[in-house]
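Trainee: Take this sequence and fold it.
(one chain, ligands or ions: 1)
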Amino acid sequence: MTTKRYARSINSKDDDLLLDNNFSKLLLSLDNKIHSGEFKVAVYGLGHVGSPIAAAWLRSGASVIGVDKSKIILQNAKEGKTHIPEPGVSDAYKMGLNNKKFFVNDDLVKASQESFLKMICVPVLAADGTADLSAVKNVATAIGKGLKKNDIVTLNPSVPPGTTDDVVIPILQKQSHLKVEDDFYMVYNPERIYEGRAIEDIEERYPGIISGYGKKSLAIGTKIFSIIYQKGIIPMSDIKSAETEKLFEGVYRDVNIALSNELAIFSERLGINFWEVRKAANSQPFCNIHKPGIGVGGACIPVYPQFILKTAKVLKVDCNLTKYSRLLNNSMPKYCVRQALRLIHPKSPRDSTITLLGLAFRGGVSDTRLSPTYDVINELQKLKVKEIRIHDPLVKKDDFISKYNNTFLFNEFSEAVKGANLIMIIADHEEYKKVNYEVFQNIALYDGRGIIDTTNIILDNYSSIGNSQ
Ligand SMILES: NC(=O)c1ccc[n+]([C@@H]2O[C@H](COP(=O)([O-])OP(=O)(O)OC[C@H]3O[C@@H](n4cnc5c(N)ncnc54)[C@H](O)[C@@H]3O)[C@@H](O)[C@H]2O)c1
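Mentor: The predicted model follows:
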């Protein structure tokens, strides 16, 4: 199944669409029907992406059905709470509950029967480069069972090119006995949020990327998403292009971070301070050297290049830069552990207590998915380090850590560093930028994110990524 290219005609006056009287009426009535609550929006998956999307719809005045398989998440939502520390989401839930516009449902089919717009916001992860589409398939099956004529379905996770056409639409058609474009509309709308400011991103920062199976899907998608994307819409000419667009965003970041890591390692060997050189180089308008670091984590950047590489393999295209960048970024935790251990040499790791600052995959978030801290822990375990302590201001419990009897998660920073031989900074949380590290002169310090400004302080036993001194 292949979508056709339509974006150009949608931007201009389109006679076919205007000739279809019923469709024109539907387009014209959308705003009113969404705001009156007649057309409800069902958001499937109230996670990092789905919860701010649900909040954005509630803030726009729409009626929203939050759907999730997790009973705890739904119970929290019913009480106006979310487990995702995303500014504005709980407030929007509370407002929706007060206005009787926010409903939660664990019956995926019923939510589809009761809604007009259904957004699939469940995760797609990658195991060995292969996309795990089980949650998407599961939700699409339920949506299909409740699908009605004129409904809109949108897929939002980042997926391998072709997923909407080859996987999602066939499920929806089979379950509903309805035909895409004739009976219901299919939109792909990749989410582009940065965790920690997701609502702001949706509403104000980025234009929405919208693609549709055909002219009508694109037209209705463009119209309905204009309600929440105040920065406007970029209509794409087909779904596969929109799917690929989102992956390119991730590949761009991954490759540029890899370049920066390469140049940081080069600078260390040359005996210069990478950060000083980067600052000077980036004063040139065409130069944008990214920040190097101890690892690239999260459910997005390390995953999307794998989707491109998998597809490239099928197409027999060499994407060597993408491949090498992934390998280089994956090797950073091990490299940084080696650099950090040089600071305590000749003391053996087996006699050492090492404190890792940060378990989240980056600063400012509590999300630990694919965090480089886990790779650092694995490296330290291989070296039989006596005790590993982890501190994170936003993460209070972790199942992976609890499986080791020499690895502990601390809530108190002072306790986590007390008596340690080495501190490694892994996540660039704001809290770690404010610490007075001069107080810990007897503890070696490795800054895996280059966040400590050493201009006005003297640290005896210290090195950072890009500055091995
Ligand atoms: N996290 C980000 O910053 C981000 C940014 C842009 C795009 N994305 C994309 O969005 C996708 C979703 O990511 P996320 O971070 O929101 O994931 P998440 O794990 O935070 O949330 C997913 C939610 O879906 C629910 N869920 C899972 N399977 C379900 C099912 N079968 N039925 C009902 N509910 C189910 C889970 O309980 C969870 O609440 C990712 O795969 C990624 O492609 C993520």
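
Trainee: so how far is M236 from the residue nearest to L383 when sequence neighbours are not counted?
Mentor: Residue nearest to L383 in three dimensions, not counting chain neighbours: P349, with 4.3 Å by CB to CB, 6 or more residues apart in numbering. Using the backbone N, CA and C atoms, a C-beta is placed for each residue, glycine as well. The gap separating P349 from M236 is 51 Å, by CB to CB, to the nearest Å.

Trainee: Mind checking which of the two has more residues around it?
Mentor: More crowded of P349 and M236, by other CB atoms under 10 Å: M236, with 24 against 19.

Trainee: Please verify my assumption that the more buried one contacts T244.
Mentor: No: shown here, M236 and T244 do not form a contact pair, counting by CB atoms under 8 Å, at 9.4 Å.

Trainee: Isn't A198 up against T82?
Mentor: No: counting by CB under 8 Å, A198 stays clear of T82, with 11.0 Å between them.

Trainee: Identify the contacts common to these two.
Mentor: V89 (CB atoms under 8 Å, 6 or more residues apart in numbering).

Trainee: The ligand contacts on this structure?
Mentor: Within the chain, the positions adjacent to the ligand are 44-50, 68-70, 73, 121-124, 135, 138-139, 157-158, 191, 193, 195, 299-300 by CB under 6 Å from any ligand atom.

Trainee: Tell me where the chain is predicted with low confidence.
Mentor: 1-15, 18-19, 469 (pLDDT under 70).

Trainee: max-length helix in it?
Mentor: helix 239-270 (DSSP state H).

Trainee: Buried residues, that helix. List them.
Mentor: 239-247, 249-251, 253-255, 257-261, 263-265, 267-268 (16 or more other CB atoms under 10 Å).

Trainee: One more: stretch 193-206?
Mentor: Buried-residue list, stretch 193-206, by 16+ other CB under 10 Å: 193, 195-203, 205-206.

Trainee: can you give me the helices for the stretch 251-400 of the chain?
Mentor: Assigned by DSSP state H, counting those that start in this stretch, the helices in the stretch 251-400 of the chain fall at 274-281, 304-315, 320-342, 372-382.

Trainee: Tabulate these (JSON lines), appending distance to D20.
Mentor: Output for the helices of the stretch 251-400 of the chain, formatted as JSON lines (distance: least, CB to CB, whole Å):
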{"stretch": "helix 274-281", "distance to D20": "55"}
{"stretch": "helix 304-315", "distance to D20": "35"}
{"stretch": "helix 320-342", "distance to D20": "43"}
{"stretch": "helix 372-382", "distance to D20": "52"}
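
Trainee: So which of those helices is the most surrounded?
Mentor: helix 372-382 (a mean of 21; mean count of other CB atoms under 10 Å).

Trainee: List of residues touching that one?
Mentor: 293-297, 330, 332-334, 336-337, 349, 354, 356, 358-359, 361, 368, 388, 390, 400-401, 404, 407, 424, 426-427.

Trainee: What subset of the residues you listed is buried?
Mentor: 293-297, 332-334, 336-337, 349, 354, 356, 358-359, 361, 368, 388, 390, 401, 407, 424, 426-427.

Trainee: Quick check, the residue in the stretch 1-150 of the chain closest to the ligand?
Mentor: Closest contact between the stretch 1-150 of the chain and the ligand, by CB to the nearest ligand atom, is at G47 (1.7 Å).
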